[in-house]
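Student: All I have is the shape, not the residue letters:
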């Protein structure tokens, strides 16, 4: 636990030294990204993590023993890019799984650091939300999806800048690493919608319908994806699970604190992405392929939440100025504190995968 708590403390100290609560805090983003990379990428990859200690290590070793034609033939249907990349690594780094994990961790850390530097009004808040939503710990396990999510972080630029060709190519590339990432493709056109009262009413209707027909929707999508399971039973799955409930609160706060406007393309686009995340979460059951679909949208909540409570932004809210100012000071502190607590509590609850921590160079 000490290494993860120390990570949080060092990031907080760096924020004080390098103004991490201000936009475009390049020095802070660099230092914080390096700290996050150190814990993620320099861990003993055979001991620390969930999938990375077993299944992905097996994939890596299997790729090293297979020919290029065998890899292509076996994985032609889906996630081809991931397996070809893994095969290339096994060829060029002498079957060194630790180096493989370290290089990929550097890539995901770089993509995240770049995203919060370019778009977050408070990189410190975004990092703490990243911890609290357990997106950081996700990188210790779901390697394929994390690579796809990182590529989608790069696709956020052309989405905002309205460059469809670049956006489509990046999403298609992400789909080569984790095919469900293609669910992000319609975002380019959906984010053109300007959220308003009619939009929120439509969102409510869609939310109710996806809940009522969640079993049928998931089974339909499951069959289209070609999963081995022919049917998925969602009985007992709560309508709003933890992340969905958090996002409902965030979207509700956004309506009151900072109404989306046509002039604020980044904020309005993120507002739409958060609504899509909520909709996907309503029919996601536990431990199935589509449980993770919502994460492709949830990952951008670390920017959205910081924007909702950004006191420097132009705003047209529904609350009194004095109340809004107070809430904009208190809310980030509470959210960030809860994020740190949830982050450390998750590690403690899953100690078998993350503790005791060991760097790869330790004997």
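Tutor: Happy to help now that I have it. Fair warning: this is a prediction, and the values are worked out from it, not measured in the lab.

Student: just so I have it, where are all the helices in the stretch 51-200 of the chain?
Tutor: Ranges of helices in the stretch 51-200 of the chain, per DSSP state H, counting those that start in this stretch, are 55-65, 68-74, 80-92, 97-119, 123-132, 135-138, 143-161, 164-177, 187-190, 197-212.

Student: any chance of the ones you listed in a markdown table, plus mean pLDDT, distance to residue 257 and mean neighbour count?
Tutor: Quick note: C-beta positions are derived from backbone N, CA and C, even for glycine. As requested, those are arranged in a markdown table below (pLDDT from 0 to 100; distance: least, Cβ to Cβ, whole Å; neighbours: other Cβ atoms under 10 Å):
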| stretch | mean pLDDT | distance to residue 257 | mean neighbour count |
| --- | --- | --- | --- |
| helix 55-65 | 82 | 41 | 17 |
| helix 68-74 | 79 | 50 | 13 |
| helix 80-92 | 87 | 40 | 18 |
| helix 97-119 | 95 | 18 | 20 |
| helix 123-132 | 95 | 14 | 26 |
| helix 135-138 | 91 | 23 | 20 |
| helix 143-161 | 95 | 21 | 22 |
| helix 164-177 | 95 | 29 | 18 |
| helix 187-190 | 91 | 23 | 16 |
| helix 197-212 | 68 | 15 | 13 |
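
Student: closest one to residue 360 among the ones you listed?
Tutor: The minimum distance between residue 360 and the helices of the stretch 51-200 of the chain falls on helix 97-119, with 5.1 Å, by Cβ to Cβ.

Student: And that closest one, how far out from the chain middle?
Tutor: 13 Å (Cα atoms, centre = their mean, to the nearest Å).

Student: now do stretch 125-134
Tutor: Centroid separation for stretch 125-134 versus its chain: 10 Å, with Cα atoms, centre = their mean.

Student: Residue 78 contacts residue 179, correct?
Tutor: Yes - using Cβ atoms under 8 Å, residue 78 is in contact with residue 179, at 4.4 Å.

Student: of these two, who's got more company?
Tutor: Higher neighbour count among residue 78 and residue 179: residue 179, with 20 against 15, using other Cβ atoms under 10 Å.

Student: That one contacts residue 82, correct?
Tutor: No - look at residue 179 against residue 82 with Cβ under 8 Å: they stay out of range, at 9.7 Å.

Student: among the helices of the stretch 51-200 of the chain, which is nearest residue 5?
Tutor: So among those, helix 123-132 is nearest, using Cβ to Cβ, at 11.3 Å.

Student: Need the residues that contact the closest one.
Tutor: With Cβ atoms under 8 Å, 6 or more residues apart in numbering as the contact definition, helix 123-132 has outside contacts at 8, 11-12, 15, 20-21, 23, 25, 28-29, 32, 36, 112, 116-117, 120, 136, 301-303, 305-306, 332, 335-336, 338-343.

Student: Next, work out how far apart residue 131 and residue 189 are.
Tutor: Distance of residue 131 to residue 189, given as Cβ to Cβ, to the nearest Å: 32 Å.
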